[in-house]
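> need the 3D shape of this:
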Amino acid sequence: MNTDNLTTEQLEEIEKKYDPEMAFRPTGRKIAFLITLLLVSMSIYHFYASGFGLIREVLHRGIHISFVLSLVFLLFGYRKDIKPTRIKTGLFQFDGISILDLIFAILAVGSALYLPLLPPEQLAVRVGNPSQNDVLMGTILLILTLEAARRSVGPTLPIIGIIFILFALFGPFAPGALKHGGTSWTGLINHLYLTNQGIYGIAIGVMAQYVFLFILFGVLATRIGLGQLFIDLAMVIAGRYSGGPAKVAIFSSAFMGTISGSSIANTVTTGALTIPAMKRVGYPAHFAGAVEATASTGGQITPPILGAAAFIMVEYLEIPLRDILAAALFPALLHYFGIFIMVHLEAKKLGLRGLSKEELPKAVIVLKQHWLSIIPLAILVYLILSGKTPDFAAVYGIIACVVVGFLNPVNRLTPMDLWNALSAGAKNTLAVGAAAACVGIIVGVVTLTGVGFRLGYVVIQTATDLGQTVGSIWPLSFFAIEQWALFFTLVLIAVSCIIMGAGIPTTATYIILVAVAAPALAQLQIQPLVSHFFVFYYGVLADITPPVALAAYAAAGIAGANPFQTGNTAFRLGIAKALVPFVFVYSPALLLVADGFTWSAFFITLSGAMMGISMIGMAFAGYFLTHLNNLQRWWLGLISLLFIAPGLTTMAIGAVLFIPILWVQYRKSTHNKVHV
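Model prediction:
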């Protein structure tokens, strides 16, 4: 297959292959129309409920769950490897969907709405004393939630959910600090089903209230031409420089990240253009795919959309969304800066050219054709920064998309386009919605058993033991045991996030790990905002971390490269993202709104982080002014560690240690120029 000219259908197949959230099964026309009608109804309902309706919280969440679970059973088959050549219809099949799945969909609606439709006074009496019907309906919803999550996001998350359920039931048999009194099945269902601490908890509430609307906004904004504007602007800004297509990938992915929080979707959307262009100017296929994948993972950490985890952070921390966006801004910029450094050095090392004038779009034409499409995003950002609630901003952003779409002569939105966008927007929320409901089970067990604090204690104790061992070795004994304890706590949590994120969505990783990380880091006097961002960043890193680097594998499919080699290269390019969370733990000023913020601390931290990222980029690329030998690369890598905790002293030491490398590189590059 010629990977330089992939069709839209081939790109969609790549996205479905590597993104389990998009692996929808084929259906017949009759059921397909019914599903589309349900999807559009879901979008219209959420738009109305968040923008203009007054619906009880538990009822709103119940309606959202009923839509999500029923549509998952209609759109996702029970096995991913079954690809029927024709739509089956018969005794046990209806237009490609089994009768059992139809029953599951009906049961999902019934069990999800049973509780919210109870009169509030009855519900208040039932909490703590559920009836047999309550237990039955709760059990049905629990089982269907686990199965829906398995179908839409894979088996890892529901397996974790089952482990937590078993832990709740058999607590007296748990080892050591994890031992607890246990609970009965009735007690478990009471907590997970009848209270707002389980399936109907914060995670599903945020999905219903905020995330759905922002995903819908992203779909509509892309449809009216905003995505194309971003790609064309990136070409204009960076295309003509050395290794131009790779730099275009960085800028276009950064721009696309402002409207889409999906790493794989961003990879496929921008990678269809940038990966073939990178290969044409001389980048190896695996490197081209890695650049696009690494840049695309930045979408989940780039304001103003971010990922769904950002909105859950708003609820957990009880701070305005604009504060979350402010805190996310410079860490995101450092992520792209790190990739840019690596790409620039690689281009210089390989002697790669930029794009020719003929290959680049004209800035005037680009702005003339697409300037209207920026209006909805500008309205969205303005409303958020002015203090409006996220759902209010999203509703008026969606209205602006529709108005601009109908008025824009270049990307005019037809009624059929709007219908398809409403359907696609709802479809894109199903997997994350099922994951959120499943995570509600896990979080419910955590709150029921108090295991979060127990796990936090285990993490702290393990880190302290490691710190005592390492701190007894000279010259590492220069640092206090408490400093080593903090460092190893961060390392253990980071590794846990990467492992967990390898099999489940970023949002689920964030919610689960923050239940452990927040208590552990709180014991070490780390601010809640900082600890939440730390977990969030390392959960995102899993998308480019082998062995399950889904964004990198999708990029490899477009590039025609070895997936594992692409994943390894993507992790190397994204190493800055692994460094940045440590920087803002040791110096929270980077997050702008953290406690104790000062501009002097911010600029010291930012400049130190940029120097450290540049040095680690040189070490991994093996190039600065000219090629670096192994000793110089190791030396630079060690120097970069001095900038994890930026300060004038450590920066001065790092600068002094860098001078010999600079001198040798300058002499060598000058010598090479003389003999050219």
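> what about Gly663, how many residues nearby?
For the record, residue 663 is Trp, not Gly. 10 (other C-beta atoms under 10 Å). (C-beta placed from N, C-alpha, C; glycine too.)
> where does it land on pLDDT?
On the pLDDT scale, Trp663 is placed at 92.
> do the one 10 residues further on as well
Reported pLDDT at Lys673 in the predicted model: 63.
> ranges for the strands of this protein?
Ranges of strands within the chain are 93-94, 97-98, based on DSSP state E.
> now those strands in a markdown table, with mean pLDDT?
Output for the strands of the chain, formatted as a markdown table (pLDDT from 0 to 100):
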| stretch | mean pLDDT |
| --- | --- |
| strand 93-94 | 70 |
| strand 97-98 | 86 |
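> and among those strands, the most buried is which?
strand 97-98 (a mean of 20; mean count of other C-beta atoms under 10 Å).
> now for Val381: which residues touch it?
Pro304 (C-beta atoms under 8 Å, 6 or more residues apart in numbering).
> ok, now the one 10 residues further on?
With C-beta under 8 Å, 6+ apart as the criterion, the residues that contact Asp391 are Ser50, Gly51, Gln209, Tyr210, Leu213.
> quick one: buried ones out of the residues you listed?
Ser50, Gln209, Tyr210, Leu213 (16 or more other C-beta atoms under 10 Å).
> show me those residues that map onto helices.
Using DSSP state H, Ser50, Leu213 are the members of those that sit in helices.
> save the buried ones among the contacts of Asp391 as TSV, and put in distance to Ile558 too.
Formatted as TSV, those follow (distance: C-beta to C-beta, whole Å):
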residue	distance to Ile558
Ser50	35
Gln209	35
Tyr210	31
Leu213	30
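> save the strands of the chain as CSV, and put in distance to Ala326 too.
Formatted as CSV, those follow (distance: least, C-beta to C-beta, whole Å):
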stretch, distance to Ala326
strand 93-94, 51
strand 97-98, 46
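> of those strands, which is nearest Ile250?
Of all the strands of the chain, it is strand 97-98 that lies closest to Ile250, at 42.3 Å by C-beta to C-beta.
> contacts for that closest one, please.
Arg25, Thr27, Ile31, Leu74, Tyr78, Phe92.
> for Asp32, give me its contacts.
Asp isn't right for residue 32; it's Ala. Ala32 neighbours (C-beta under 8 Å, 6+ apart): Asp95.
> separation between Thr414 and Gly298?
Separation of Thr414 from Gly298 (C-beta to C-beta, to the nearest Å): 33 Å.
> the two: which has the busier surroundings?
Using other C-beta under 10 Å as the criterion, Thr414 and Gly298 rank with Gly298 on top: 23 against 10.
> give the rounded mean pLDDT of the longest helix anywhere in the chain.
Taking DSSP H as the criterion, the chain has its longest helix at helix 321-350. Mean pLDDT, helix 321-350: 86.
> now do that helix: which elements does it pack against?
Secondary-structure packing of helix 321-350 (3 or more C-beta pairs under 8 Å, 6 or more residues apart in numbering; DSSP states H and E): helix 244-256, helix 285-296, helix 308-317, helix 375-385, helix 528-541, helix 563-573, helix 575-586, helix 599-621.
> pick the most deeply packed of the ones you listed.
Greatest burial across these, using mean count of other C-beta under 10 Å, falls to helix 285-296, with a mean of 32.
> now do that one: which elements does it pack against?
Packed next to helix 285-296, using 3+ C-beta pairs under 8 Å, 6+ apart, are helix 244-256, helix 263-281, helix 321-350, helix 550-559, helix 563-573.
> closest one to His532 among those?
Counting by C-beta to C-beta, and looking across all of those, nearest comes helix 321-350 at 9.1 Å.
> now find how far off-centre that closest one is within its chain.
Helix 321-350 sits 16 Å away from the centroid of its parent chain (C-alpha atoms, centre = their mean, to the nearest Å).
> show me the chain divided up by domain.
13-151+185-199, 204-426, 601-676 (automatic domain parsing).
> in JSON lines, list those domains along with distance to Thr469.
JSON lines is the format used below for the domains of the chain (distance: least, C-beta to C-beta, whole Å):
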{"stretch": "domain 13-151+185-199", "distance to Thr469": "39"}
{"stretch": "domain 204-426", "distance to Thr469": "31"}
{"stretch": "domain 601-676", "distance to Thr469": "19"}
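> tell me which of those sits nearest to Ile504.
The nearest among these, by C-beta to C-beta, is domain 13-151+185-199 at 8.8 Å.
> reformat the helices and strands packed on helix 321-350 as TSV; add mean pLDDT.
Listed next are the helices and strands packed on helix 321-350 as TSV, based on pLDDT from 0 to 100:
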stretch	mean pLDDT
helix 244-256	79
helix 285-296	86
helix 308-317	81
helix 375-385	89
helix 528-541	84
helix 563-573	84
helix 575-586	82
helix 599-621	90
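> spell out for me which residue occupies the centre of the chain.
Nearest to the geometric centre of the chain sits Gln300, at 4.2 Å (C-alpha atoms, centre = their mean).
> surely that residue meets Tyr538?
No: taking contacts as C-beta atoms under 8 Å, Gln300 lies outside contact range of Tyr538: 11.9 Å.
> quick check: which of the helices and strands packed on helix 285-296 is nearest to Ser669?
helix 321-350 (10.6 Å).
> mind checking which of the domains of the chain is nearest Leu521?
From the domains of the chain, taking C-beta to C-beta, the stretch that ends up closest is domain 204-426, at 13.4 Å.
> and that closest one, how far apart are its ends?
Counting by C-alpha to C-alpha, to the nearest Å, you get 15 Å between the two ends of domain 204-426.
> please apply the same query to stretch 23-35.
Stretch 23-35: ends 15 Å apart by C-alpha to C-alpha.
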